[in-house]
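Could you look at this predicted model? Sequence included:
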Amino acid sequence: MWSQDVAQRNAPVSASSGAPGPVDVEQAEATLVEYYPRLVRLAYLVLPPGLGRGRRVLTAHALAQRALPRGRKRTSLIPSQSADRNSDPGYAYLRGRVLRTALDAARPRRGLPRLSQLPPLLPQVWGLRLFPRSGGADELALDQRLSALPGAARAAYALRGLESMPDAEVRKALKAAGVTHPERALAEANGVPAHYGLLASPEFDACTLQARPTDLMRRRQHTKAALAAAGALAVAGALIAAPGGGWGPDGAAAPAYVANPAAEAALDPGRLTRVSPTAWRSASRTDFSVWPARGALTGDVGLLRRALAVWARPGATVRVSATPGTQTGGPAGPPQLLYAGEVDNARVVILYDGLRIARYAEPKDGTAGAALDFARADGASGAEADALVLGRSDGNVRYLTGPWVRKAAVRDLTKPDAAATGVTLTDGVTAPVASPAVRSGSCTSWNVLQFTDASGDHLATDLGELVPAHLTTGRPGAAGEAAGSAGLRSWAPFACSLAAERSAGVRSVNAWGFAEQPLPDGSGVGQWVCTRAETWRGDGTTALAQFRTPGSAAGAVAAKGADVPACGPRDPHVLAGVLWKSQAGHWFLLAAGSRDTATISTSGGVTAAGQGPLLTVRAEQGARADLKGTLADGRSISGLR
């Protein structure tokens, strides 16, 4: 399904007004079951973002489940908190309990923590990280704005938008939940745009979740350590209990793993692979395997030894991060050294084992606070191997470029006619450039890197990972570089949608203008573009169908698909639709498919059919419909969701 009129999306039906009535505990339990997803969503919105998405999900469920009154007395009265929900006073009571405990969790600790500020005992999930599905760029921007508010203001915004409560009732609900200054909370909530329809999106749904494993390598290491400790205790106990006992021979056991030849070679700085500075000139490929070792500390044996040792067995104080789908285990053999030197206030070592980039960083004045970052880079070649992130500081990024890169520049992707600004290169290291990946708030610009080599110009963007994402444009399977004037104009209205791909292990993003549709009021032609993000791991791809009308600076996401072949080289087809309001106030369904779409039909809230890749039909505000299409070869396709 699709709809640009997000304010009309399935807003929850509020309880009607009236006087409170008697509700026993069993009735409250039935009410909790009926409205459980809404109560969990409310708790998730109010809980502090600092908990992290996974703990917010579990805590939201725990608070909703603890909202039932204690005891089993059937005649106990549950007072209604709001005068406009007389049809279900039990819901108002449960909502008040959830709101109060969620606000308790958001308040600063003074002395011992409250129960809601502790990790929930139930529910618990072992071995998995759970978090809501990602929304679009609008949902991400709203989440960032809400994260900057105090808990009471988030609660006011959620009650206005999610519960459709007027300010007078919001004020009463906040006061009943223990908020000292509800007027201040309402005023702070006014600072966030009233995009209440976005609260119904999957971004804030703590009941429809994605699951990812926890750190598998570390968990395996902890399990092995626990088993080894248990075995040692058992052996020690047996030896102590045995008369005249003592430590027996090791038998067939191998020596400690550091004495293993393969492990020793992987940890020996003297065996690191170092490529000749001119090897890339005669190599048959341009990838990380032909990068020479650069930096002023490539001869610092102590630094290299520490980097290799931390890669093999990171200590408890080392911050380890990895892009999705990237293993964090030690190298199988001696890796290749790409860089060792000082970057801002850190000593940095970058290594490559043929599949992964590993970046080790430690402070200049010691090793406390060391960090180890991983990114997949298997199969990277050409523009995908143009640069790596050396370091981040104060919102800026320094890159290490490939030896074939002749020039580097930075440009604002939202301004296609503006000239690129040159960036100084020193031994392949760029001067600091502003990164869009760490910026919060509304998107008004999007910086990208432009690298120049013998084949031409390439664009890459920082998405918060070690390897910047390569930007292309054109029909899937025949996409080209986005650095030309046509490519820049194609990307400009949709540049800010790249924010939705941060920290997702993205390898490349392609923008494909698949249709242009005349607007029914004669005000111009709408532009349809599909942006598709490919990942290094293969799965986790996303496709966004975006629509832009004349005069609009940016496009709007009309439909989104995750792990679908649409807009990709395997299936270079797409079908999407949007509700559009004319200048005269009339609503229309606009649907478009790629150029080989023979027919389009809709069902549900709008019923219509037409020949060709475009369909325009009158519709009602907030209507929702399913799209179906037929390609020229007879194959059926569905609308992107």
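Structure received.

what ranges of the stretch 351-500 of the chain fall below the confidence cut-off?
Judged against pLDDT under 70, the stretch 351-500 of the chain has no low-scoring part.

To clarify, my last question referred to the stretch 51-200 of the chain.
70-88, 108-124, 126-127, 131.

show me where it has helices.
Taking DSSP state H, counting those that start in this stretch as the test, the helices found in the stretch 51-200 of the chain are 53-65, 89-106, 137-147, 151-161, 167-176, 182-189.

Columns distance to K407 and mean neighbour count on top of these, output as a markdown table?
C-betas here are computed from N, CA, C, even on glycine. Output for the helices of the stretch 51-200 of the chain, formatted as a markdown table (distance: least, Cβ to Cβ, whole Å; neighbours: other Cβ atoms under 10 Å):
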| stretch | distance to K407 | mean neighbour count |
| --- | --- | --- |
| helix 53-65 | 40 | 22 |
| helix 89-106 | 49 | 24 |
| helix 137-147 | 31 | 19 |
| helix 151-161 | 46 | 25 |
| helix 167-176 | 56 | 18 |
| helix 182-189 | 47 | 18 |
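
Which one, of those helices, ends up nearest to G315?
Closest to G315 of these, according to Cβ to Cβ: helix 53-65, at 23.8 Å.

re earlier: now the helices of the stretch 51-200 of the chain as a markdown table including distance to D596?
A markdown table is the format used below for these (distance: least, Cβ to Cβ, whole Å):
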| stretch | distance to D596 |
| --- | --- |
| helix 53-65 | 40 |
| helix 89-106 | 51 |
| helix 137-147 | 29 |
| helix 151-161 | 41 |
| helix 167-176 | 52 |
| helix 182-189 | 48 |
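
Which among those helices is found nearest to L463?
The nearest among the helices of the stretch 51-200 of the chain, by Cβ to Cβ, is helix 137-147 at 12.7 Å.

Now Y35: phi and psi?
Backbone torsions for Y35, taken as degrees, to the nearest 10, come to phi -110, psi 20.

Please report how far R502 lies from A437.
Between R502 and A437 the distance is 6 Å, computed by Cβ to Cβ, to the nearest Å.

Grab the CA positions of stretch 456-463 and hand them over as CSV.
This file holds the C-alpha atoms of stretch 456-463, laid out as CSV (Å, rounded to 0.1, in the frame of the first residue of the first chain):
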residue,chain,number,x,y,z
GLY,A,456,36.8,10.1,-14.8
ASP,A,457,34.8,11.4,-11.8
HIS,A,458,33.1,9.2,-9.2
LEU,A,459,30.8,10.2,-6.3
ALA,A,460,30.8,8.7,-2.9
THR,A,461,29.0,9.6,0.3
ASP,A,462,29.7,8.9,4.0
LEU,A,463,27.0,6.9,5.6
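
quick thing: my sequence starts at 19, can you match it?
With 19 as the first residue, the last one maps to stretch 474-481.

which non-adjacent residue is nearest R374?
F392 (5.5 Å; Cβ to Cβ, 6 or more residues apart in numbering).

For that neighbour, which residues are in contact?
Listed by Cβ atoms under 8 Å, 6 or more residues apart in numbering, the contact partners of F392 are V338, S339, A340, T341, T344, Q345, T346, R374, I375, A376, R377, L484.

Can I take it that it is in a strand?
Yes - assessed by DSSP: H, G, I helix; E, B strand; the rest coil, F392 belongs to a strand.

bridging residues for it?
Beta-bridge partners of F392, counted by DSSP bridges, are A340, A376.

what's the answer for G474, then?
Assessed by DSSP bridges, G474 has beta-bridge partners D471.
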